[in-house]
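Q: Return atomic coordinates for the entry below.
(one chain, ligands or ions: 1)
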Amino acid sequence: MEVNRFMANLEMKHPGEHEYLQAVREVISSIEKVYNEHPEFDKAGILERIVEPDRIFIFKVPWVDDAGNIRVNTGYRIQFNNAIGPYKGGLRFHASVNPSILKFLGFEQTFKNALTTLPMGGAKGGSDFSPKGKSAAEVQRFCHNFMLELWRNIGPDTDIPAGDIGVSGREIGYMYAMYKKLARVNSGVFTGKALGFGGSLVRPEATGYGCLYFVNQMLETKGMSIEGKTVAISGFGNVAWGAALKATRMGAKVVTLSGPDGYIYDEAGLDDEKIAYMLELRASNNDVIAPYAKKFKAEFIPGKKPWERKVDVALPCATQNELNLQDAKNLLSNGVICVGEVSNMGCTAEASDAFVESRILFAPGKAVNAGGVATSGLEMTQNAMHLSWTAEEVDQKLRQIMSAIHDQCALYGKEADGYINYVKGANVAGFMKVAKSMMDQGYIS
Ligand code: 2IT
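A: Residues are numbered from 1 along each chain as shown. Predicted coordinates:
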């Protein structure tokens, strides 16, 4: 296999699917060497099979808005790969959602889920419906109609959706209720449920918490820790919130948050009150960060991203390709020590290469953000056992899983000069697990 030749063919087959092609190129560039050391993989067509989703459901979602108008959105579920377990991955509700974005997310999810050590395959789905500016009644109606189509294709042992951008506890509650009405079973099927009906403690915080455990472990390889470090976070959603909470508890100073409108710089650092306010802002459904600056007398920089600031640790927690080469150069010239790509594919390919080439600590999304889906896996286990664990039990397991992911990255990513290339480590470890499982099961999927 040769990367450019393989990609040229894939581009011809899926023209214009930029995010999907970007995610595939990153993974196969990392695994080219080990792939070619295993001629049995090539003979079994593993690469050609692993880059294609098992199936894609696309469906129409008509719904009625508060003014009585009939609106139409498109719903998707991409069941990407179930070699190591049932399909598992979130649903994204955002105006930008399209097949390319969901395919990249499903592809990434397959390897991320493999890294968690739990038996979960990869999937992703969602809709170009944006909850931003919609009333609660409109969101509920949309969620119900979305489930009218999706319910037949999911199940606790086949495909288990969860949240992602635009889908949190509220939307999961509406969708799960409709699923139960139609399927007449009460088996968990979604993760990210509220605590009262099968949700797991620590699941809302898990992506951010897992990220901080991982980042701290990276820093420890250099004899450092997160305590006392200055941290830039982008976004202000669920992931940014969990990361800010844990970073602050671990003694770091979080100085930025951002929204589509710009970013805030809070020199004093976030505290419990400010972090609690993030939830209020998010519940307001307005998708702007500016009110934070007004409330807490912080600086607001419209139209910009936080990466122009001098910080020790940068944690992109918003969306794909939110940190580009220029941002990477700015962070590097300001002496950044560690970058954790908490959003899925938060860095452009050029930015991610720049971090690796400059030998700073850099963790790709599929490793550093895997705590979210890992805790979803723990929610599935609790549902299957008909019990619930304490926060301490879940948190303990989350720590163990993040540490196991770090070990896999170090095992497969250590280079001749001793540098841990986490991008290569995560891609090779995830790929090997999925590829071997596919080999063991013949060529049918
Ligand atoms: O990107 C992700 O890993 C998620 N949105 C969470 C998926 C899940 O099934 O918990």
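Q: Tell me how far stretch 105-113 lies from the chain's centre.
A: Remark: stretch 105-113 is offset 9 Å from the chain centroid, using C-alpha atoms, centre = their mean, to the nearest Å.
Q: swap that for stretch 151-158, sorry
A: 21 Å.
Q: go on, stretch 155-172?
A: Distance, centroid of stretch 155-172 to centroid of chain: 13 Å (C-alpha atoms, centre = their mean).
Q: measure it end to end?
A: Its first and final residues considered, stretch 155-172 spans 14 Å by C-alpha to C-alpha, to the nearest Å.
Q: how about it, does it reach the ligand?
A: Yes: applying C-beta under 6 Å from any ligand atom, one finds stretch 155-172 in contact with the ligand at 162, 164. Yep, even glycine has a C-beta here, placed from its N, CA and C like the rest.
Q: buried ones in that stretch?
A: Neighbour counts over stretch 155-172 (16 or more other C-beta atoms under 10 Å) mark 155-156, 159-172 as buried.
Q: what do you get for stretch 437-445?
A: Across stretch 437-445, burial judged by 16+ other C-beta under 10 Å covers 437-439.
Q: Next: stretch 421-430.
A: By neighbour count on 16+ other C-beta under 10 Å, the buried set for stretch 421-430 is 421-430.
Q: Give me the distance between the two termini of stretch 127-147.
A: In stretch 127-147, first residue to last residue: 12 Å (C-alpha to C-alpha).
Q: Give me the distance between that stretch and the centre of its chain.
A: With C-alpha atoms, centre = their mean, you get 21 Å for stretch 127-147.
Q: ok so, going back, helices - which of the buried residues of stretch 437-445 land there?
A: 437-439 (DSSP state H).
Q: now the helices for the stretch 1-150 of the chain?
A: In the stretch 1-150 of the chain, the helices defined using DSSP state H, counting those that start in this stretch lie at 3-13, 18-37, 39-43, 46-50, 99-115, 136-150.
Q: got the residues of the protein near the ligand?
A: So far as C-beta under 6 Å from any ligand atom goes, the chain lies against the ligand at 88-90, 109, 162, 164, 191, 344, 372-373, 376.
Q: Can you lay out those residues as CSV showing pLDDT and distance to D65?
A: Compiled in CSV, the residues of the chain next to the ligand are given as follows (pLDDT from 0 to 100; distance: C-beta to C-beta, whole Å):
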residue, pLDDT, distance to D65
K88, 98, 32
G89, 98, 29
G90, 98, 25
Q109, 98, 32
A162, 98, 26
D164, 98, 23
T191, 98, 29
N344, 97, 30
G372, 98, 31
V373, 98, 33
S376, 98, 31
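Q: now the residues you listed in JSON lines, with distance to F355?
A: Shown next, in JSON lines, are these (distance: C-beta to C-beta, whole Å):
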{"residue": "K88", "distance to F355": "29"}
{"residue": "G89", "distance to F355": "26"}
{"residue": "G90", "distance to F355": "26"}
{"residue": "Q109", "distance to F355": "22"}
{"residue": "A162", "distance to F355": "29"}
{"residue": "D164", "distance to F355": "24"}
{"residue": "T191", "distance to F355": "31"}
{"residue": "N344", "distance to F355": "17"}
{"residue": "G372", "distance to F355": "22"}
{"residue": "V373", "distance to F355": "23"}
{"residue": "S376", "distance to F355": "28"}
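Q: which pair in those residues spans the largest distance?
A: Across the residues of the chain next to the ligand, no pair lies farther apart than T191 and N344, at 16.9 Å, counting by C-beta to C-beta.
Q: element containing the residue nearest to F300 when sequence neighbours are not counted, please.
A: Ranked by C-beta to C-beta, 6 or more residues apart in numbering and with sequence neighbours excluded, the top spatial neighbour of F300 is A293, at 3.5 Å. Using DSSP states H and E, A293 falls within helix 290-296.
Q: Stretch 37-56: which residues count as buried?
A: Residues of stretch 37-56 classed as buried by neighbour count (16+ other C-beta under 10 Å): 38, 41, 44, 46-47, 49-54, 56.
Q: Touching that stretch from outside, list them.
A: With C-beta atoms under 8 Å, 6 or more residues apart in numbering as the test, stretch 37-56 has contacts from 1, 6, 10, 24, 28, 35-36, 76-82, 87, 99, 103, 106-107, 110, 431, 434-435, 438-439, 443, 445.
Q: count of neighbours near the residue lying closest to G372 once chain neighbours are set aside?
A: Residue nearest to G372 in three dimensions, not counting chain neighbours: T207, with 3.4 Å by C-beta to C-beta, 6+ apart. Counted by other C-beta atoms under 10 Å, the residues lying close to T207 total 28.
Q: T207: which element?
A: helix 206-220.
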